[in-house]
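Novice: what follows is a predicted structure for the sequence shown.
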Amino acid sequence: MAPRSSKPDLLLRKFGAPLYAAAFPAANYVLVGGGGGKGNHGLKNRIILAKYGLAAAAPNIAASSKASLTLSDQLAEFTCPEEIRALAMHPSGSLAVAAVGSLGLVAVGVDVKIDGAEKITKTDITLPSCGEVKSLAFSADGAMLAAGTEDGLVHVWSWPPDASGRPLVEVCAADGGKPHKDGNAIQSVCFSTDGARLLTSGEDDTAVLWNIAPASSDDKGEAPRAKPIHVYRSAKGGTLKGARFASAGDAAVDNRIAMCLNRAGVSYAAVFDAESARMLHEGKISADPASSFAASANGRLLAFGTVEGELVVVSSDRLILRRRHKGAHMIFVTGLVFGPSGDTVLSVSADAGARVTQLAPASRKWTILLIFMLWLCLLALSMNPAPFHEGVRWILHKMMPYHAKVMDERTAAGIAYVKYNHPDPFTLGATVQSEEQAGGDSGTPQ
């Protein structure tokens, strides 16, 4: 359990019931969902709209906090018969699809046009029946919606779905069975940026990349079948908690697959090459198991929430730490989502809390320190090169003994040759160079 602090935490708000889902509807607004589930327990099942940004301090907060970012209390809500398990925000920012317990999906409109008059309302969009949904995602252009269910099915519909509820493509195994082994629940679904591929992860601890590019229906009018491209799994094993598209450096988007794994009570991140399915690197994230996982829209950052309420953000390229907040929540993190610009993370927890975390730009202090140290080395070399040469020789002997031995032999041979033919030591460099260019033997004369 995270330690408590006496200092007011302006970017954390409690909403009276466990939270499981999060989304960003528009700039400076957040959407969270949760509840107590079925029954008369006094805990509302609802979708909640709040706002974050610079605001005047509340009366009970010191004046010095006036310039701080704050997360507001509830601005609007939409109640449901059961708890909200997942949220997917349409790219327009004005509509969200929610997974409501065992009742399936509901589409709601989110209106934030008038400050102080925000509202969440049910739309007239009819969504297909699909059972209990565990994961949801819209494509980047908003033309498709994917859902992964507790019973191991993956649905992909055009948006908005047609009245028949017919899927856009059929995501299933080659034999027509469920897309993941043993029909385990689908933990996560996400589209590639171009919408041509779908990445799914299941409780069979594998992630599968599917080709869902538009294709014509068969003669029976059935939806075309998606083709599996690759299956990703860690050779070291572990319990998979989700998979996302990621990117490395300035390369094309979606050229990596990032996975969150728990192994022996420790959380890890594994990054694969999307095309070859080869694991590129794996690294420890936290000493505690992960309970949630997300990636930024451009795939450059990965966020992890743990069962102890810790929030960790790393780069997807080399898993370099960008932010670690051990006291983000009191208990396990249930949902994570990055803001559209990638510099904000919204996390929710079963402790009824929602938190907005601002990510500072990548620090350049280590780059500056490295440049300074390099400058010092060059300065020392210009003043007295002998210790530098000895240091290099020592490193070579330790790390590459064979190459160091060859270098020493050639150096000794070159010096002996020069002393025999040229008593002047300052001609050493020119003599050795001329011999090498002539192709002659630089060894010791007989």
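Specialist: That came through, no problem. Computed from a predicted model, the values in this text were never measured in an experiment.
Novice: can you give me the strands in the stretch 1-150 of the chain?
Specialist: 12-14, 19-23, 29-34, 46-54, 69-71, 76-79, 84-89, 95-100, 105-111, 119-122, 133-138, 144-149 (DSSP state E, counting those that start in this stretch).
Novice: pick the most buried one from the ones you listed.
Specialist: Each of the strands of the stretch 1-150 of the chain was given a mean neighbour count from mean count of other C-beta atoms under 10 Å, and the largest, a mean of 27, is that of strand 29-34. Glycine gets a C-beta too; all of them are placed from N, C-alpha and C.
Novice: count the residues that sit near residue 182.
Specialist: 10 (other C-beta atoms under 10 Å).
Novice: swap that for residue 328, please
Specialist: The number of residues packed near residue 328 is 25, by other C-beta under 10 Å.
Novice: likewise residue 203?
Specialist: So residue 203, with other C-beta under 10 Å, has 19 neighbours.
Novice: burial check on the nearest residue to it once chain neighbours are set aside, number of neighbours?
Specialist: Excluding its sequence neighbours, the residue lying closest to residue 203 (C-beta to C-beta, 6 or more residues apart in numbering) is residue 184, at 3.5 Å. Each residue near residue 184 was counted by other C-beta under 10 Å, and the total is 19.
Novice: who's in contact with residue 184?
Specialist: Counting by C-beta atoms under 8 Å, 6 or more residues apart in numbering, residue 184 makes contact with 152, 202-204.
Novice: how about those residues in TSV, adding pLDDT?
Specialist: Listed next are these as TSV, based on pLDDT from 0 to 100:
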residue	pLDDT
152	92
202	93
203	91
204	91
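Novice: for those, pick the one with the most neighbours.
Specialist: Counting neighbours by other C-beta under 10 Å, residue 202 comes out on top of these with 25 neighbours.
Novice: near the residue nearest to that residue when sequence neighbours are not counted, how many other residues are there?
Specialist: Spatial nearest neighbour of residue 202, excluding adjacent residues (C-beta to C-beta, 6+ apart): residue 180 at 3.2 Å. For residue 180, the tally of surrounding residues (other C-beta under 10 Å) stands at 25.
Novice: so residue 180 makes contact with residue 210?
Specialist: No. If you go by C-beta atoms under 8 Å, residue 180 and residue 210 don't touch, sitting 11.3 Å apart.
Novice: which neighbours do the two share?
Specialist: Common neighbours of residue 180 and residue 210 (criterion: C-beta under 8 Å, 6+ apart): residue 200.
Novice: what stretches of the stretch 251-400 of the chain score poorly on pLDDT?
Specialist: 251-252, 362-367, 369, 377, 380-400 (pLDDT under 70).
Novice: got a list of what residue 309 touches?
Specialist: By C-beta under 8 Å, 6+ apart, residue 309 lies in contact with 1-2, 326-333, 349, 351.
Novice: in strands, which of the residues you listed fall?
Specialist: Among the contacts of residue 309, the members found in strands (DSSP state E) are 333, 349.
Novice: now the contacts of residue 309 as TSV including distance to residue 100?
Specialist: Shown next, in TSV, are the contacts of residue 309 (distance: C-beta to C-beta, whole Å):
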residue	distance to residue 100
1	30
2	30
326	33
327	31
328	27
329	24
330	26
331	23
332	22
333	21
349	20
351	22
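Novice: and the furthest pair within the contacts of residue 309?
Specialist: Within these, two members stand farthest from each other by C-beta to C-beta: 326 and 351, at 14.5 Å.
Novice: which one of those two has more residues nearby?
Specialist: Neighbours were counted for residue 326 and for residue 351 using other C-beta under 10 Å; residue 351 has more, 19 against 14.
Novice: neighbours of the closest residue in space to the more buried one that isn't next to it in sequence, how many?
Specialist: Nearest non-adjacent residue to residue 351, counting by C-beta to C-beta, 6+ apart: residue 330, 4.3 Å away. By the criterion of other C-beta under 10 Å, residue 330 has 18 neighbours.
Novice: state the pLDDT value of residue 65.
Specialist: Looking at residue 65, its pLDDT reads 43.
Novice: same deal with the one 3 residues further on?
Specialist: If you check residue 68, the pLDDT there is 71.
Novice: quick revisit: tell me who's in contact with the residue nearest to residue 202.
Specialist: 152, 186, 200, 202-204, 206, 208.
Novice: ok, so of those, who is nearest residue 343?
Specialist: Relative to residue 343, the closest of the contacts of residue 180 is residue 200; by C-beta to C-beta it sits at 28.0 Å.
Novice: helix, strand or coil for the closest one?
Specialist: strand (DSSP: H, G, I helix; E, B strand; the rest coil).
Novice: and it, what's its pLDDT?
Specialist: pLDDT, residue 200: 97.
Novice: isn't it right up against residue 226?
Specialist: No. Contact between residue 200 and residue 226 fails when scored by C-beta under 8 Å: they sit 9.8 Å apart.
Novice: what do those two both touch?
Specialist: What both residue 200 and residue 226 touch, as defined by C-beta under 8 Å, 6+ apart, is the set 171, 210.
Novice: and the strands in the stretch 251-400 of the chain?
Specialist: 256-263, 266-273, 279-286, 290-295, 301-306, 311-315, 321-325, 333-338, 344-349, 353-358.
Novice: which strands and helices sit next to the first one?
Specialist: Here strand 256-263 is seen to pack against strand 207-211, strand 239-246, strand 266-273, strand 290-295, strand 301-306 when contacts are counted using 3 or more C-beta pairs under 8 Å, 6 or more residues apart in numbering; DSSP states H and E.
Novice: okay, those, which one's buried deepest?
Specialist: Ranked by mean neighbour count, the helices and strands packed on strand 256-263 are led by strand 301-306 with a mean of 26 (mean count of other C-beta under 10 Å).
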